[in-house]
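S.K.: any chance you can model this:
(4 chains)
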There are 2 protein chains.
Amino acid sequence: MTTIKDVAQLARVSVSTVSRVINQNGYVERDTYNRVVAAMETLNYKPNAVARGLVIRKTATLGLIVPDVANPFFSDVARGVEDEAIENGYTVILCNTDWQVTREDMYIQLLRGRWVEGAIIVGNRAAPEFLMHQLEDVPFILVDSRPNQIVNAVWSNNLVGGRMATQHLIDNGCYRIVHISGPEGSPSALARREGFYQAVLSARNVQVSVVSGDFRFDGGYQAAVDLLKCRPHPNGIFAANDMMAIAVIQAANEMGIRIPEDVMLVGYDDITMARCVYPSLTTVAQPAYDMGRTASKLLITQLKHGVSDLQHVEFKPELKLRKSTERMS
Amino acid sequence: MTTIKDVAQLARVSVSTVSRVINQNGYVERDTYNRVVAAMETLNYKPNAVARGLVIRKTATLGLIVPDVANPFFSDVARGVEDEAIENGYTVILCNTDWQVTREDMYIQLLRGRWVEGAIIVGNRAAPEFLMHQLEDVPFILVDSRPNQIVNAVWSNNLVGGRMATQHLIDNGCYRIVHISGPEGSPSALARREGFYQAVLSARNVQVSVVSGDFRFDGGYQAAVDLLKCRPHPNGIFAANDMMAIAVIQAANEMGIRIPEDVMLVGYDDITMARCVYPSLTTVAQPAYDMGRTASKLLITQLKHGVSDLQHVEFKPELKLRKSTERMS
DNA sequence: TTGTACGCGTTATCAG
DNA sequence: CTGATAACGCGTACAA
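M.R.: I've put the predicted structure just below:
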């Protein structure tokens, strides 16, 4: 391990001089500068970010809390976050909560201890007030969360999205509609469900029900099998995300139930695969990568230029029409 | 910001005593212990991991370098890595290289500076010798890399996998076979391609060619369109990963080319979606999550119990037969 | 233009 | 059982 001291010794200067050339501040003569640079080279010296962080009280790291990176939506968000971060010299710590508030909380404590400069919290379960309290003075931004007026957030309107999806089923003549919802406590899942209720409430002659899923393939598959076993089975399904919708397709295929003839299906997220499954999946699109990137950018801007006004960026959900809701006749 | 000093003051003890109760080492009387705990509670004190890291020279963080977390294979690996890490008190820093060695190198430098205790490098481009030099004394493990005898690694045999995939096409009567390869420099892509060559070499009367892809949907799509425009177009395609294979399906569908009737298709990875696309995708499976988890565990074991022997874990690739290579007649 | 000395928040080594 | 005190590696007044 080579330290600034070793460099100083080799270059026959003091540590402060070395520090000056590293940070490009203060005056240092051309000659000494070169000696120092040479010394750093030969020693293959890398400044120690830990020690440095301790004194300047900045770590140049961000915490990223997502429910599950293995979920395509969140992994896209994560990629956006990291891309923006690294371009600005920040590093990101990855945390998976599986939608458990206890894990969310655990990670927040951990990140605080690690002195992250800011946090990006995706699909959070905990209330914003609670988060503010837990994070204390570390700035953070919510992604894919419930809208609120008190903390920074980038989101897309899941209420409207859920309504659009459901309305689309109604418009296509579905009258036994079920919603496979996301995990309890996922704000976006909640909003989508609310949108579902709003849409069916203003419709007439539709039977509706909601079963709970977990945003994962397996959970969606189970729900779908149970659902499609019923007689009569639903003729319209709105799955709270694409993973579960695709699971529905899988289950339907195996059970010999045709989509869209026997049951129409709408998903949410518009992950890459949505257009490649069979039948291709009608879904509500959200720009995952951009959402992550935007959140990261907003947070970093705040970190660099001091506290700013409350930032709210809203992306519009967009219904992508595909085969899974195409009327046949 | 509250420090150990504040706690000490409030509890009317010295910082060393507070340190003792935090780290559960040394003797401390029941009474003082309680006072200290109480003080920590009321001040909402969190030990500072940065300062702590500086003195004990450990940061309890791992670096995770992947080509692209947005790729389902790598995001599964990432999830496995993080799960094992957090259970052992480690935190992980996420890095995306897009298969660029310069970025790989950049991140390694960065991680070294951050004093990560170990690194997990997935799908690395750089040579192991180079990595050893760059990482110096920070232990690391390779995932999904080219087999070698000098560094720790967990991998699945991509050579065999590639051969299996290709042989399967040959066995099904394909005689104009093309391989859409992964990005140049991806070790797994290279090995799969080699497996492809081995298989076709021992076959007779097959025309073969290789076009280069990038492991991404868009690249695969482009390649597929170009390929399927040819007359006569190939009647067997082995795509180096599922994302590209699914892109092939998409392109074929759009061009009115039937799979498997007109062209058979094999992918690689067996991502969740592989069974849900239409036609369902024959592919070579690798246990992404387990690979990540195993790598993480091996690395951590080494970190905890000191340097150990060279570790090589090999997972067996497994051909999953599905519709995309089903003979029709 | 350069060097000295102190402090960042913690742990660890000693005395007591 | 407890308390000073010296590190850890680096940035930065302040002095020279």
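S.K.: how about the residues of chain A near DNA strand D?
M.R.: A:1, A:3-5, A:15-16, A:19-20, A:22-23, A:25, A:47-48, A:51-52, A:54-56 (C-beta under 7 Å from any atom of the strand). For glycine as for every other residue, the C-beta is placed from the backbone atoms N, C-alpha and C.
S.K.: could you check the pLDDT of the closest residue to residue A:46 other than its chain neighbours?
M.R.: Closest residue in space to residue A:46, ignoring its immediate chain neighbours: residue B:113 at 4.7 Å, by C-beta to C-beta, 6 or more residues apart in numbering or on different chains. On pLDDT, residue B:113 comes in at 94.
S.K.: next one: residue A:171
M.R.: For residue A:171, the pLDDT comes out at 96.
S.K.: next: the one 10 residues further on.
M.R.: Model confidence at residue A:181, given as pLDDT, is 96.
S.K.: hey, what's it bridged with?
M.R.: Here residue A:181 sits in beta bridges with residue A:212, going by DSSP bridges.
S.K.: ok, now which ones touch it?
M.R.: Residues counted as contacts of residue A:181 (C-beta atoms under 8 Å, 6 or more residues apart in numbering or on different chains) are A:189, A:192, A:193, A:196, A:210, A:211, A:212, A:213, A:240.
S.K.: the nearest residue to residue A:271 once chain neighbours are set aside: how many residues sit nearby?
M.R.: Distance criterion C-beta to C-beta, 6+ apart; nearest residue to residue A:271, sequence neighbours excluded, is residue A:72 at 4.3 Å. Neighbourhood size, residue A:72 [other C-beta atoms under 10 Å in any protein chain shown]: 25.
S.K.: what about residue A:72, distance to residue A:275?
M.R.: Going from residue A:72 to residue A:275 by C-beta to C-beta, to the nearest Å gives 13 Å.
S.K.: show me which of the contacts of residue A:181 are buried.
M.R.: A:189, A:192, A:193, A:196, A:210, A:211, A:213, A:240 (16 or more other C-beta atoms under 10 Å in any protein chain shown).
S.K.: what about those, which are in helices?
M.R.: Judged by DSSP state H, helices contain the following of those: A:189, A:192, A:193, A:196.
S.K.: measure stretch A:212-221 end to end?
M.R.: 12 Å (C-alpha to C-alpha, to the nearest Å).
S.K.: what stretches of chain A score poorly on pLDDT?
M.R.: Within chain A, the set of residues satisfying pLDDT under 70 comprises A:329.
S.K.: run the last query once more with 80
M.R.: Scanning chain A for pLDDT under 80 picks out the ranges A:307-308, A:328-329.
S.K.: show me where it has its strands.
M.R.: Defined through DSSP state E, the strands belonging to chain A, from first to last, are A:61-66, A:91-96, A:118-122, A:140-143, A:153-156, A:176-181, A:207-212, A:236-239, A:264-269, A:282-285, A:312-315, A:318-320.
S.K.: let me have these in JSON lines, extended by distance to DNA strand C.
M.R.: Converted to JSON lines, those look like this (distance: least, C-beta to the nearest atom of the strand, whole Å):
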{"stretch": "strand A:61-66", "distance to DNA strand C": "16"}
{"stretch": "strand A:91-96", "distance to DNA strand C": "19"}
{"stretch": "strand A:118-122", "distance to DNA strand C": "18"}
{"stretch": "strand A:140-143", "distance to DNA strand C": "21"}
{"stretch": "strand A:153-156", "distance to DNA strand C": "30"}
{"stretch": "strand A:176-181", "distance to DNA strand C": "42"}
{"stretch": "strand A:207-212", "distance to DNA strand C": "42"}
{"stretch": "strand A:236-239", "distance to DNA strand C": "46"}
{"stretch": "strand A:264-269", "distance to DNA strand C": "41"}
{"stretch": "strand A:282-285", "distance to DNA strand C": "45"}
{"stretch": "strand A:312-315", "distance to DNA strand C": "33"}
{"stretch": "strand A:318-320", "distance to DNA strand C": "47"}
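S.K.: looking at the stretch 201-329 of chain A, what residue ends up closest to DNA strand D?
M.R.: When scored by C-beta to the nearest atom of the strand, the stretch 201-329 of chain A has residue A:304 as its residue closest to DNA strand D, at 15.3 Å.
S.K.: chain B contacts on the stretch 51-200 of chain A?
M.R.: Taking C-beta under 8 Å from any C-beta of the partner chain, the part of the stretch 51-200 of chain A that reaches chain B is made up of A:51, A:53-54, A:59, A:61, A:64, A:68-70, A:72, A:75-76, A:78-79, A:82-83, A:86, A:91-96, A:109-110, A:112-115, A:136-137.
S.K.: of the residues you listed, which belong to helices?
M.R.: A:51, A:53-54, A:72, A:75-76, A:78-79, A:82-83, A:86, A:109-110, A:112-113.
S.K.: re the thing from before, farthest-apart pair in the ones in helices among the buried ones among the contacts of residue A:181, please.
M.R.: A:189 and A:196 (10.5 Å; C-beta to C-beta).
S.K.: list buried residues within the residues of the stretch 51-200 of chain A next to chain B.
M.R.: Buried by 16+ other C-beta under 10 Å: A:51, A:53-54, A:59, A:61, A:64, A:68-70, A:72, A:75-76, A:78-79, A:82-83, A:86, A:91-96, A:110, A:112-115, out of these.
S.K.: please pick the buried ones from the residues of chain A next to DNA strand D.
M.R.: For the residues of chain A next to DNA strand D, a burial check counting by 16+ other C-beta under 10 Å picks out A:3, A:4, A:19, A:20, A:22, A:47, A:48, A:51, A:52, A:54.
S.K.: the residue lying closest to residue A:114 once chain neighbours are set aside: neighbour count?
M.R.: Sequence neighbours aside, residue B:49 is the residue nearest to residue A:114 in space, at 4.8 Å (criterion: C-beta to C-beta, 6+ apart). Counted with other C-beta under 10 Å, the neighbours of residue B:49 add up to 22.
S.K.: need the contact list for residue B:49.
M.R.: By C-beta under 8 Å, 6+ apart, residue B:49 lies in contact with A:113, A:114, A:115, B:59, B:60.
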